[in-house]
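*Asks:* Give me a model of this one.
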Amino acid sequence: MLPKQIDEEKHLQQTRAIILSNIERLRGRVDQVHQETEELNDRITPRDLELNSQMSQQLTIANALLTHTRNLLRKNNAAYPAPYFGRIDYRELKSGTEEAYYVGKNGIQSNDQIVVVDWRAPVAKVYYENELGEGSYEVPEDDPIGIDLVQKRTYDIENGVLNGWYDSDVAANDELLVKYLAKHKDVVLSDIIATIQKEQDQIIRSTPYQNIIVQGVAGSGKTTVALHRISHILYNYSHRYHPDEFLIIGSSEMLLDYIASGLPDLDVTGVLQRRMDVFFREELYEDWKEEFEIIDEDPSGSYKCRLSFAMAFDKWLEKRWLRILRPRAVEDEEIGEIISRDQVYDLLNYRRDWSLLRIENLLNQTLAGRIQMLTDIVSDDDAFKRMRNLRARKLKEYSDYYHERHNQSDVVLLYRTFLQEYGAEQGIDTSLALKKLALGQFSVYDLAALCLARRYFTEDEPSPPFGQIIIDEAQDFGEAVYYYLKKLQKGCYFTIMGDVSQNIHFELGMNDWEAMIKGIFRGEKDQFCLLQKSYRNTIEISEFAGKILEKASGSRYKIEPVIRHGDPVDVRKLAQEAIPDEIVRLIEKAIENGHRSGAVVCRTKAEAKSWEEVIAQKRPDWLAEGGDFRLLCLALEEVKGLEFDVVLLMEPTEENYPSKPVETVGVKNAKLLYVAATRALHELHVLSSGPLSDLLAR
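*Replies:* This next block holds a predicted model:
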């Protein structure tokens with residue numbers, strides 16, 4: 001079978017004409033529905049309750065229609081400049097039907113006919129992953145569809161102009177990919193759907209009913225893949241998932257803001273985002289007091305970050321829970337056995353996930369019911385009065401029977417007790433941790449542990465778990481956090497994106513995935529995936545960053561840069577007083593080269609603030625939002641997950657980034673410098689007024 005021969009230029013203009021017609025029709029529809037909703041609003045009055053109820057229902061329907069129509073209008077407007085980027089021609093093996101589909105960022109229809117297939121549609125997988133010849137694509141919760149792929153075509157379209165196309169066995173080959181990557185950061189983000197690679201697409205389209213850990217080198221598109229996975233799940237599993245069942249967790253507000261900025265463009269709204277510490281604090285509800293404070297974990301508390309600690313705490317809590325709730329009969333001298341041991345056992349047997357508080361409430365209610373039954377009123381008046389008084393007295397006596405016997409209402413006290421016992425058993429000095437807890441100071445690891453204690457003992461009514469939790473920059477946290485998350489969010493599936501080579505919290509975060517893979521996410525369907533191609537940096541920047549990492553750690557996850565050359569990395573030593581003017585010169589040159597974003601990356605927040613003040617005196621317009629060029633002055637801990645056209649790495653001296661001892665300090669600082677270097681899309685300048693760290697020696 002030969003591909004359908006189509007005049008591609010003519011087809012593009014026909015498609016744009018359809019989209020333009022859709023836009024005009026949808027604009028009219030939006031105006032019409034908006035007017036109808038206004039009229040319904042005017043008709044609602046508090047006087048006629050029945051009419052008011054009817055109008056409210058109609059208004060709800062009208063508002064939903066208005067939102068849907070506006071969404072269609074937005075998609076058509078977005079599609080008009082470049083309606084599609086790919087085309088597939090294939091024959092279905094079972095039916096013999098020949099099909100040809102154009103694939104675009106937004107699905108487009110005309111009179112219920114598909115004009116452009118949405119990239120998230122199951123059939124679009126053929127464009128990203130299938131090679132020519134026989135293959136198949138999956139339909140969610142259905143059997144795969146076998147096909148014979150005859151042609152895969154990729155288009156280069158800008159502002160309605162067809163610059164060209166090529167036929168290929170692999171979507172988005174290096175020629176087109178490099179062209180996209182050479183553009184500015186904002187353009188790359190908007191066009192990334194057209195350049196999704198096979199290994200990325202496999203993660204995006206994998207079933208939502210599994211946990212996925214993704215180890216991705218810097219610039220491999222981890223965040224982009226995570227956001228596209230959310231969009232894909234919501235598109236294909238709308239019957240199962242709603243946006244408010246998704247939670248994105250990150251380590252900083254800046255990272256979350258960056259992630260959130262990409263969601264609307266992927267047709268995703270209503271997804272929650274939280275910092276890890278904020279998430280656990282909110283989970284504590286009434287157990288979190290106003291006088292408590294969230295602090296960073298001290299390196300001496302690294303034992304709290306490890307899986308062994310979390311598992312030991314879980315086991316300790318469970319033993320305490322079981323010991324307290326050991327089934328016992330409740331007997332009363334006056335009315336006999338109120339509840340038997342077997343009856344208590346039956347109540348507990350199917351409630352192993354309940355907190356002590358919930359179970360005690362249930363047991364107290366059961367006691368009250370049994371007392372009511374055992375003190376049934378008889379007909380004799382004197383007996384009636386005696387039994388009524390006995391019932392009232394016994395109901396009062398046993399009203400809080402279980403709570404009074406097993407008071408475990410202070411989760412902080414429980415946690416402190418465990419820390420004391422754990423330290424003594426393991427020979428670990430936990431005195432600093434205990435001191436901080438006494439002062440009301442809690443790290444994210446303390447908060448997570450308190451949440452688990454709350455689940456065992458003080459939780460009143462559990463909140464429904466999330467359906468999907470996506471964690472970016474996952475290596476910033478030790479594996480204990482993920483153990484707690486999995487215990488607290490039963491029935492939830494996790495997408496965990498990170499790069500252990502970028503763990504800047506060396507003692508506290510993750511330097512390998514072994515504990516996660518073997519100890520937490522070890523289900524039959526759980527997956528560990530690698531993304532080793534870097535699409536962010538030029539060859540020159542990738543090689544520079546790779547040497548930093550290898551010099552100290554010999555990382556097992558190597559960078560495979562996409563072939564895109566740029567300027568050599570600029571490494572220079574300058575007099576301290578000359579650096580401010582050099583920053584201005586470099587940024588002015590970057591702007592001349594068409595760049596729109598930059599970062600001055602420093603070792604600490606104090607240094608970043610100092611450079612921001614210096615630049616504010618010279619070029620305050622660069623620091624303001626909304627300009628043609630935006631420059632940020634950031635500490636290393638703040639740039640994780642971000643990227644900029646040009647990066648200026650400040651003062652990477654041996655003093656700031658010691659290289660020895662290699663096994664500890666050197667590894668930690670190499671990772672810091674690696675993170676800083678890999679933030680640069682196009683230009684990397686390394687400026688120092690003192691001797692460079694040996695980690696940068698070439």
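
*Asks:* helices or strands next to the strand or helix carrying residue 146 in the packing?
*Replies:* Assigned by DSSP states H and E, residue 146 falls within strand 145-158. Counting contacts by 3 or more C-beta pairs under 8 Å, 6 or more residues apart in numbering; DSSP states H and E, strand 145-158 packs against strand 86-92, helix 125-129, strand 133-137, strand 161-167, helix 174-181. (Each C-beta comes from the backbone N, C-alpha and C, glycine too.)

*Asks:* Please identify the most buried of the ones you listed.
*Replies:* Stretch with highest mean neighbour count among the helices and strands packed on strand 145-158: helix 125-129 (a mean of 24; mean count of other C-beta atoms under 10 Å).

*Asks:* what pLDDT, on average, does it get?
*Replies:* Mean pLDDT, helix 125-129: 92.

*Asks:* Ok, stretch 499-519 next?
*Replies:* pLDDT averaged over stretch 499-519 gives 89.

*Asks:* One more: stretch 14-26?
*Replies:* 95.

*Asks:* a markdown table for the helices and strands packed on strand 145-158, including distance to residue 597?
*Replies:* Below are the helices and strands packed on strand 145-158 laid out as a markdown table (distance: least, C-beta to C-beta, whole Å):
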| stretch | distance to residue 597 |
| --- | --- |
| strand 86-92 | 29 |
| helix 125-129 | 28 |
| strand 133-137 | 37 |
| strand 161-167 | 26 |
| helix 174-181 | 15 |
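
*Asks:* and residue 210, which of these is closest to it?
*Replies:* helix 125-129 (17.0 Å; C-beta to C-beta).

*Asks:* neighbouring contacts of the closest one?
*Replies:* Contact with helix 125-129 is made by 86-88, 90, 103, 135, 137-138, 147, 149, 152, 171, 196-198, 201-202, 205, as judged by C-beta atoms under 8 Å, 6 or more residues apart in numbering.

*Asks:* Same question for stretch 391-409.
*Replies:* With C-beta under 8 Å, 6+ apart, stretch 391-409 has contacts from 320, 324-325, 330, 332, 334-335, 338, 356-357, 359-360, 363-364, 367-368, 371-372, 375, 414, 457-458.

*Asks:* Take those and keep only those in helices.
*Replies:* 320, 324, 356-357, 359-360, 363-364, 367-368, 371-372, 414, 457 (DSSP state H).

*Asks:* Provide a PyMOL selection command restricted to the buried entries of the contacts of stretch 391-409.
*Replies:* With 16 or more other C-beta atoms under 10 Å as the criterion, this PyMOL line picks the buried residues out of the contacts of stretch 391-409:
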select buried, resi 320+324+325+330+338+356+357+359+360+363+364+367+368+371+375+414+457+458
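
*Asks:* May I have the strands that pair with the strand holding residue 146, each with its orientation?
*Replies:* strand 86-92 (antiparallel), strand 133-137 (antiparallel), strand 161-167 (antiparallel) (DSSP bridges).

*Asks:* what comes up buried for it?
*Replies:* Buried-residue list, strand 145-158, by 16+ other C-beta under 10 Å: 145, 147, 148, 149, 150, 151, 152, 153, 154, 155, 156, 157.

*Asks:* Report the rounded mean pLDDT for stretch 685-698.
*Replies:* 87.

*Asks:* let me redo that: stretch 541-551
*Replies:* 83.

*Asks:* Touching it from outside, list them.
*Replies:* 218-219, 501, 534, 537, 555, 558-559, 561, 566, 569, 659, 666, 670-671, 673-674, 677-678, 680, 684, 695-698.

*Asks:* all helices of the stretch 351-500 of the chain, in order?
*Replies:* Along the stretch 351-500 of the chain, the segments classed as helices by DSSP state H, counting those that start in this stretch run 356-374, 381-397, 401-405, 411-426, 431-438, 444-457, 479-488.

*Asks:* CA-only coordinates of the second one, as CSV, when you get a sec.
*Replies:* By that I understand helix 381-397. Presented in CSV, the C-alpha positions along helix 381-397 are these (Å, rounded to 0.1, in the frame of the first residue of the first chain):
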residue,chain,number,x,y,z
ASP,A,381,-42.9,0.5,87.8
ASP,A,382,-40.3,0.1,90.5
ALA,A,383,-38.1,-2.1,88.3
PHE,A,384,-38.5,0.4,85.5
LYS,A,385,-37.2,3.2,87.7
ARG,A,386,-34.3,1.1,89.0
MET,A,387,-33.3,0.0,85.5
ARG,A,388,-33.5,3.5,84.1
ASN,A,389,-31.2,4.8,86.8
LEU,A,390,-28.8,1.9,86.3
ARG,A,391,-28.8,2.5,82.6
ALA,A,392,-28.1,6.2,83.0
ARG,A,393,-25.3,5.5,85.5
LYS,A,394,-23.6,2.9,83.4
LEU,A,395,-23.8,4.9,80.2
LYS,A,396,-22.1,7.8,82.0
GLU,A,397,-19.6,5.4,83.6
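
*Asks:* That helix - what's its average pLDDT?
*Replies:* Rounded mean pLDDT across helix 381-397 is 82.

*Asks:* repeat for the fifth one
*Replies:* Here helix 431-438 scores 96 as its mean pLDDT.

*Asks:* Show me which positions of it end up buried.
*Replies:* Quick answer for helix 431-438 (16+ other C-beta under 10 Å): 433, 436, 437.

*Asks:* likewise the fourth one?
*Replies:* Across helix 411-426, burial judged by 16+ other C-beta under 10 Å covers 411, 412, 414, 415, 416, 418, 419, 422, 423.

*Asks:* just checking, the first one touches residue 287?
*Replies:* Yep, that's residue 411 we're talking about. Yes - counting by C-beta atoms under 8 Å, residue 411 touches residue 287, with 5.3 Å between them.

*Asks:* can you list residues touching both of these two?
*Replies:* Joint contacts of residue 411 and residue 287 (C-beta under 8 Å, 6+ apart) are 450, 454, 458.

*Asks:* Reformat the buried residues of strand 145-158 as CSV; add pLDDT and distance to residue 25.
*Replies:* Output for the buried residues of strand 145-158, formatted as CSV (pLDDT from 0 to 100; distance: C-beta to C-beta, whole Å):
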residue, pLDDT, distance to residue 25
145, 93, 33
147, 94, 34
148, 95, 37
149, 95, 35
150, 93, 35
151, 92, 32
152, 92, 32
153, 91, 29
154, 89, 30
155, 90, 26
156, 87, 29
157, 91, 23
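
*Asks:* which two in those residues are spaced the farthest apart?
*Replies:* 145 and 156 (29.2 Å).

*Asks:* circling back: and the helices of the stretch 351-500 of the chain as a markdown table, adding distance to residue 304?
*Replies:* Putting the helices of the stretch 351-500 of the chain into a markdown table (distance: least, C-beta to C-beta, whole Å) gives the following:
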| stretch | distance to residue 304 |
| --- | --- |
| helix 356-374 | 24 |
| helix 381-397 | 43 |
| helix 401-405 | 30 |
| helix 411-426 | 9 |
| helix 431-438 | 7 |
| helix 444-457 | 4 |
| helix 479-488 | 6 |
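
*Asks:* out of those helices, nearest to residue 29?
*Replies:* helix 479-488 (44.1 Å).

*Asks:* Could you pick out the longest helix of the protein?
*Replies:* helix 8-43.

*Asks:* who does that helix touch, helix- and strand-wise?
*Replies:* For helix 8-43, the packing partners by 3+ C-beta pairs under 8 Å, 6+ apart are helix 49-79, strand 108-110, strand 113-118, strand 161-167.
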